[in-house]
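Undergrad: next come a sequence and a model predicted from it.
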Amino acid sequence: MIPQRLEHQVTDKGFVPIYATGVVEQPWGDYGTTDHAVWSRLYARQREVLRGRACDQFLAAMAALRMDEARIPRFSDLNLHLERATGWRLVAVEGLLPEVDFFGHLAAREFPVTWWIRTPEQMDYLTEPDLFHDLFGHVPLLMDPVFADYMCAYGRGGLKAMGLGEDALAQLARLYWYTVEFGLIRGSEGLRIYGSGILSSAGESRYAVESDAPNRIGFDRDRIMRTRYRIDSYQRGYFVIDSFEQLFEATRPDFTPIYARLADLPPWAAGEIAPGDDVITRGTGEGWSDTPDA
Ligand code: HBI
Ligand code: FE
């Protein structure tokens, strides 16, 4: 899809054209020395942290994409690899999009990437997704054919859920949170990371795989869709898939009757173990605050 130019917007990076559904042109020439240095430091740190912690598909995709470690990549360069591998392409956006636009992009196999990068003071934490989270965290797995199809199915499911009300959207958001953002996968080498929220965080990469504090529970779609999550701390529970095929298969059925059935059941707290859970590790709960779940 060629985005339609709607208007221009003046930002602190200059005069940026705004396209339909939030798409802008990546203002690559406007990145400064500090922007490239932040990318480079974050990239180098995660390259070390993720060895032996990220799943093989992520590590292989990073090698295939040949992202520049010294400078922020141009989305147009990455699109050459992505389009050939799975038909996905990146579009630059200002930040979080309205759900309808976000789902529409995913359904069209377009991943919206926030074009701006955090400041050196925000190396370890920021409250909204930036370029490092979106590009480093989300984009490599779009090179994997099965994961790429899961993301597209999620977008189509999201568009459909928009007509079904808030309960359906809340359940679908939990599925996204506990898979795309904070998912773990188990293989022959043990637990590995595939969730982008973990992959883009040095602290949570170590915590999610090695800490005794969180629960780790075998993937269960309906259980996840009933589970609250944390937005201001590391997760209290992670859900563990065996393969991306398992993930994709879980999204194959029509969710409409599933949403209706689950809406009548109470939600699980973020740190809770539910009856019937396939408990891989039971967390100690160390360091959990008494603030409420999201
Ligand atoms: N927009 N750019 C962007 N990136 C996201 O990850 C995103 C979004 N809008 C909505 C959204 N995520 C959430 O509502 C998901 O749960 C769908
Ligand atoms: Fe994200």
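TA: Okay, I see it. Note that the structure is a prediction, hence the values are computed from the model and not measured. Residues are numbered from 1 along each chain as shown. Ligands and ions are numbered 1, 2, ... in the order given.
Undergrad: quick one, strands of the stretch 51-200 of the chain?
TA: 89-93, 110-114, 184-187, 190-193 (DSSP state E, counting those that start in this stretch).
Undergrad: next, format those strands as JSON lines and append mean pLDDT.
TA: Formatted as JSON lines, the strands of the stretch 51-200 of the chain follow (pLDDT from 0 to 100):
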{"stretch": "strand 89-93", "mean pLDDT": "97"}
{"stretch": "strand 110-114", "mean pLDDT": "97"}
{"stretch": "strand 184-187", "mean pLDDT": "95"}
{"stretch": "strand 190-193", "mean pLDDT": "98"}
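Undergrad: for ligand 1, which of the ones you listed is the nearest?
TA: Comparison of the strands of the stretch 51-200 of the chain against ligand 1 by C-beta to the nearest ligand atom identifies strand 110-114 as nearest, at 4.2 Å. Heads up, the C-betas are built off the backbone N, CA and C, glycines and all.
Undergrad: what comes into contact with the closest one?
TA: 1, 22-23, 75, 88-95, 97, 101-102, 105, 128-131, 133-135, 138-139, 142, 151 (C-beta atoms under 8 Å, 6 or more residues apart in numbering).
Undergrad: what angle separates that strand from strand 89-93?
TA: Using axes from the mean of the first three to the mean of the last three C-alpha atoms, to 10 degrees, the inter-axis angle of strand 110-114 relative to strand 89-93 is 40 degrees.
Undergrad: how about stretch 33-51: buried residues?
TA: Within stretch 33-51, the residues that count as buried by 16 or more other C-beta atoms under 10 Å are 35, 38-39, 42-43, 46, 49-50.
Undergrad: please disregard the earlier target; I meant stretch 85-101.
TA: In stretch 85-101, counting by 16+ other C-beta under 10 Å, buried: 85-86, 88-94, 97, 101.
Undergrad: what does stretch 123-131 give?
TA: Using 16+ other C-beta under 10 Å as the test for burial, stretch 123-131 gives 129-131.
Undergrad: pick the one among these closest to ligand 1.
TA: Looking at those and their distance to ligand 1, the nearest is residue 129, at 5.8 Å (C-beta to the nearest ligand atom).
Undergrad: okay, the residue in the stretch 151-294 of the chain positioned nearest to ligand 1: pLDDT?
TA: In the stretch 151-294 of the chain, the residue that lies nearest ligand 1 is residue 173 (3.8 Å; C-beta to the nearest ligand atom). Listed pLDDT for residue 173 reads 97.
Undergrad: before we move on, what about residue 22?
TA: pLDDT at residue 22 comes out at 82.
Undergrad: is it in contact with residue 96, as I believe?
TA: No: counting by C-beta atoms under 8 Å, residue 22 does not reach residue 96; the two are 9.1 Å apart.
Undergrad: grab the nearest non-local neighbour of residue 202.
TA: residue 49 (5.0 Å; C-beta to C-beta, 6 or more residues apart in numbering).
Undergrad: also residue 221?
TA: In space, residue 221 is closest to residue 250, 4.3 Å off (C-beta to C-beta, 6+ apart).
Undergrad: tally of neighbours for that neighbour?
TA: 18 (other C-beta atoms under 10 Å).
Undergrad: what of the one 4 residues further on?
TA: Other residues near residue 254 come to 9 when the count uses other C-beta under 10 Å.
Undergrad: out of the helices and strands in this structure, which is least certain?
TA: strand 5-11 (a mean of 50; mean pLDDT, DSSP states H and E).
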